[in-house]
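Asker: sequence plus predicted model, see below.
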Amino acid sequence: MADKAVPHFHNQAGVARVRVGAREFMCIGALPPFDHPHVFLDMGGGDEIICQYCSTLYVHDPKLKPDGAEPASCVWNDDAPQARAAAE
């Protein structure tokens, strides 16, 4: 994730909640090409936020790195195999 200043997360698996290390991040919904508009979410002083597009509940976990998530598969990278396959 070093190529992005703001972490990007998705919920392709449809889990009930995604724990993230950042309070400010982008939600892309599902993996491309089925992603929704990439929206900036800011928890502010809170510990959770719901994406208005996909209804994913994101919960802040201070034990995770800012670009980390649990499940870890919810972190999105431009060079992920799914993104490469979708672009081809």
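Answerer: Arrived safely, thanks for sending.
Asker: could you pull out the strands for the protein?
Answerer: Remark: strands assigned in the chain by DSSP state E are 8-9, 17-20, 24-27, 39-42, 48-50, 57-60, 69-70.
Asker: what's the closest of these to Trp76?
Answerer: Taking C-beta to C-beta as the criterion, strand 8-9 is the member of the strands of the chain that comes nearest to Trp76, at 4.3 Å. Just so you know, the C-beta spots here come from the backbone N, C-alpha and C atoms, and that holds for glycine as well.
Asker: right, so of the strands of the chain, which gets closest to Pro33?
Answerer: Of the strands of the chain, nearest to Pro33 by C-beta to C-beta is strand 8-9, at 15.2 Å.
Asker: now the terminal residues of stretch 59-68, how far apart.
Answerer: 12 Å (C-alpha to C-alpha, to the nearest Å).
Asker: TSV for the strands of the chain, including mean neighbour count, mean pLDDT and distance to Pro33?
Answerer: Compiled in TSV, the strands of the chain are given as follows (neighbours: other C-beta atoms under 10 Å; pLDDT from 0 to 100; distance: least, C-beta to C-beta, whole Å):
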stretch	mean neighbour count	mean pLDDT	distance to Pro33
strand 8-9	20	97	15
strand 17-20	20	98	21
strand 24-27	21	98	16
strand 39-42	13	98	17
strand 48-50	15	98	24
strand 57-60	17	98	22
strand 69-70	20	98	21
